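A.B. asks: mind looking at a prediction? Sequence and model below.
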Amino acid sequence: MGEIKQLPQNVANQISAGEVVERPASIVKELIENSIDARAENIEIRIKEGGRKLIQVKDDGHGILPEDIKAAFNRYATSKIKDIDDLYSLYSLGFRGEALASIASVAEVEMLSRHKEKENGVKIRLKGGEVIKKKPAASTIGTEVKVRDLFYNTPARYKYLKTTSTEFSHISRIVNAEAVANSEISFKLYHNNKQILSTPGNGKLKDCIYALYGAEIADNLLKIDLEDRYINLSGYIARPEQTRAGRSHELFFANGRPIYNSLAAKAVENAYSKLIDPGRKPIVFLFIKVNPILVDVNVHPTKKEVKFSRSQIIYDVIAKGVRKTLKKADPTTRIKLNSTQKKQAEQNNTTPVYEKQAFKEEGRLKNISDQKKNKSFNKSSQHRAEELQKNINYSDSNEDPKKQFSENSKKEYLINNDSAKENKIKFLAQIFNSYLLIETAEGLKIIDQHNAHERILYEKLYKEYNEKNTATQSLLIPVKIELSAEEKLLVDEYKESFKELGINFSDFGKNTILIQEVPVLLKNKSTRNIIEELIAELVEEGRSKSAAEIQKTMIEYLACRTAVKAGQPLNNQESLRIIKELFESENPYRCPHSRPVMINISKDEIEKGIGR
Ligand code: ADP
Ligand code: MG
């Protein structure tokens, strides 16, 4: 007997499941797309424990005939394509009849369906690809699929699953994108029986965006519409005042289906580039209709990235369309009076504070003197707050740094502290507004002021965090932040960690939070941006990190964003304080991201270079 054997069908299905079923979110996507294809008007998704325990998708579509229900789980069984040309058209992207077979091979699946022309439904249950039960069952018109025990027979894949919140955040991202793509369908998403999102399904894209992303984004959208020879662009893009730290709010759809395409993202970002801060990303909901000849035929249903051929045309049309839309928009920054600020201003009998939209909820920090009046303000923490403030507000000095520097430029500064006892440090100058020069017995050291300050703040924050003793200040006007469902879940999960770090917030409507207290460190900083970016960063990182690592990221992030920047002039006093505290820190030589804080040029090297 020969050695080559045919793999059994269920093993073959498990292998192909590896491509289709990467994680719970991929199952959700396949099931939702099946419901959409069945012309559902309502799709309800119920998830338990990030999909590990249950993924349930229920629709009111046309249903499946009892005689077809078993065949639906066969590999390459589909009612959607008839020949190879269909497969190569983007309109049928993803139809290969693989999804249900793949899912059923790695989980326990139960499907209950009633065809629209039948009086009764049918229920089928499969495990490991085998049908365990099939019988008539009462049902409303439509289909309900329940997936349990995911990856029970593929332990390597099971182990690969991330935390509940990470897996759920992937799911919520997919549901968001599908809901935007199909605004005529009402989507409801539940996690552990809690409703996470609900869209009206009235066919109005803006209402759908409002339901998913909140009023602040929905009220700041510009309609985009552009007809070209090969492509048609439509949808909404946000005014440049509305940005995000990551690409989570850049949504693209090709011929009605959510896609990821880095070229489209680049074209959009390019069009926004002069209008928003570097590092921030725009918010767009962009529908691209292309002639199918422009879609790379080499698409695979699970490939995240869809490729376009003649990509230059696509790039140009998108960049042009976005640029034109932004230009047409009212260029004056919209001014809005924040109602809380208005009330406050009236109480204080001062002129109302009108501000640019972008800064409107920047969060004014209470002065420490105000806090003395605050009954609930704890004395010792007030003292700590003042201490810390003295230590860290390098840039608060009223003196003109240049003036002070010239007065002091002939003076030499000596720092004597524990670690510098045998190694006297002499501060020489700040150069390029970015580096501090010091002379030590080892040689001339060039200190990167940002990295140095980051190291100092990182250690301080870490210590305070560990001792649960972070110096905080309450905000006179709380900062309102609207989050995506995904972000909201994350902040809820890490609420305690945020609190221990000094960031205290309360819920304000579904996905909105009110930041009421922040670390003293954030004084005079753009609280809102920093916290928003921190949350976006955590959502990104949350995919792969443990809780302890997440906490470390938070601390690193705050230290980095609040440290003095390169290019910031410092007076002698400020420079000296950084140098002193740097050498008092546990590791003065590396910043928290392990970049060097300083470089050293020894006297020998100088002499060699000079040729002495
Ligand atoms: P594909 O979607 O590529 O055809 P699937 O494995 O996802 O392959 O589904 C197989 C078939 O089962 C579909 O072609 C469709 O006929 C049927 N089907 C699956 N889900 C549903 C649903 N929710 N409503 C109606 N029919 C469905
Ligand atoms: Mg399918």
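C.D. replies: Received, thanks. Numbering: from 1, shown residues only. Ligands and ions are numbered 1, 2, ... in the order given.
A.B. asks: for the residue positioned nearest the centre of the chain, which non-adjacent residue is spatially closest?
C.D. replies: The geometric centre of the chain, computed from its C-alpha atoms, lies nearest to residue 536 (CA atoms, centre = their mean), at 3.4 Å. The shortest distance from residue 536 to any non-neighbouring residue, by CB to CB, 6 or more residues apart in numbering, is to residue 245 (3.6 Å). In short, each C-beta sits where N, CA and C put it, glycine included.
A.B. asks: what does the host helix or strand of the residue nearest to the centre of the chain contact?
C.D. replies: Using DSSP states H and E, residue 536 sits within helix 527-541. Defining contact as CB atoms under 8 Å, 6 or more residues apart in numbering, one finds that helix 527-541 is touched by 169, 244-246, 248, 361-363, 365, 475, 479, 481, 483, 486-487, 490-491, 494, 503, 515, 518, 522, 549-550, 553-554, 557-558, 561-562.
A.B. asks: among those residues, the buried ones, what's the PyMOL command?
C.D. replies: To isolate in PyMOL the members of those that are buried, counting by 16 or more other CB atoms under 10 Å, one can use:
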select buried, resi 169+244+245+248+361+362+363+365+475+479+481+483+486+487+490+491+494+503+515+518+522+550+553+554+557+558+561+562
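A.B. asks: just the contacts of helix 527-541: which are in strands?
C.D. replies: Taking DSSP state E, the ones among these that sit in strands are 475, 479, 481, 515, 518.
A.B. asks: which helix or strand in this structure has the lowest average pLDDT?
C.D. replies: Using mean pLDDT, DSSP states H and E, strand 355-356 stands out as the lowest-scoring helix or strand of the chain, at a mean of 27.
A.B. asks: rewinding a little: for ligand 1, see how far away the residue nearest to residue 536 is.
C.D. replies: 35 Å (CB to the nearest ligand atom, to the nearest Å).
A.B. asks: from memory that residue sits against residue 283, does it?
C.D. replies: No - Residue 245 is beyond contact range of residue 283, at 11.4 Å (criterion: CB atoms under 8 Å).
A.B. asks: now the helices for the stretch 101-250 of the chain?
C.D. replies: Ranges of helices in the stretch 101-250 of the chain, per DSSP state H, counting those that start in this stretch, are 155-160, 164-181, 205-213, 215-218.
A.B. asks: can you list the buried residues in the shortest one?
C.D. replies: What that stands for is helix 215-218. Buried positions in helix 215-218, judged by neighbour count with 16+ other CB under 10 Å: 216-218.
A.B. asks: again with the third one
C.D. replies: Of the residues in helix 205-213, those scored as buried under the neighbour-count criterion (16+ other CB under 10 Å) are 205, 208-213.
A.B. asks: residues near the residue in the stretch 451-600 of the chain positioned nearest to ligand 1, how many?
C.D. replies: Closest approach of the stretch 451-600 of the chain to ligand 1 (CB to the nearest ligand atom) occurs at residue 485, with a separation of 23.3 Å. By other CB atoms under 10 Å, the residues close to residue 485 number 23.
A.B. asks: quick one: it from residue 50, how far?
C.D. replies: 14 Å (CB to CB, to the nearest Å).
A.B. asks: ok, now residue 533?
C.D. replies: 25 Å.
A.B. asks: neighbour count for these two, which is higher?
C.D. replies: Between residue 533 and residue 50, residue 50 has the larger neighbour count (other CB under 10 Å), namely 24 against 19.
A.B. asks: isn't that one right up against residue 165?
C.D. replies: Yes - Residue 50 is within contact range of residue 165, at 7.0 Å (criterion: CB under 8 Å).
A.B. asks: ok, the closest residue to residue 520 other than its chain neighbours - how many residues close by?
C.D. replies: Using CB to CB, 6+ apart and skipping residues adjacent in sequence, the residue nearest residue 520 is residue 471, 4.4 Å away. Burial of residue 471 is recorded as 22 neighbouring residues (other CB under 10 Å).
A.B. asks: hmm, residue 471 is touching residue 517, no?
C.D. replies: No - between residue 471 and residue 517 there is no contact under CB under 8 Å: 10.7 Å.
A.B. asks: common neighbours of the two, please.
C.D. replies: Taking CB under 8 Å, 6+ apart as the contact rule, residue 471 and residue 517 both touch residue 502.
A.B. asks: helices of the stretch 501-612 of the chain, residue ranges please.
C.D. replies: Assigned by DSSP H, counting those that start in this stretch, the stretch 501-612 of the chain shows helices spanning 527-541, 547-562, 572-584, 603-610.
A.B. asks: how about the ones you listed in TSV, adding distance to residue 7 and mean pLDDT?
C.D. replies: Output for the helices of the stretch 501-612 of the chain, formatted as TSV (distance: least, CB to CB, whole Å; pLDDT from 0 to 100):
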stretch	distance to residue 7	mean pLDDT
helix 527-541	38	85
helix 547-562	39	84
helix 572-584	62	89
helix 603-610	66	85
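A.B. asks: now those in TSV, with distance to ligand 2?
C.D. replies: Compiled in TSV, these are given as follows (distance: least, CB to the ion, whole Å):
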stretch	distance to ligand 2
helix 527-541	28
helix 547-562	35
helix 572-584	59
helix 603-610	67
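A.B. asks: any chance of the ones you listed in JSON lines with distance to ligand 1 as columns?
C.D. replies: Below are the helices of the stretch 501-612 of the chain laid out as JSON lines (distance: least, CB to the nearest ligand atom, whole Å):
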{"stretch": "helix 527-541", "distance to ligand 1": "29"}
{"stretch": "helix 547-562", "distance to ligand 1": "35"}
{"stretch": "helix 572-584", "distance to ligand 1": "59"}
{"stretch": "helix 603-610", "distance to ligand 1": "67"}
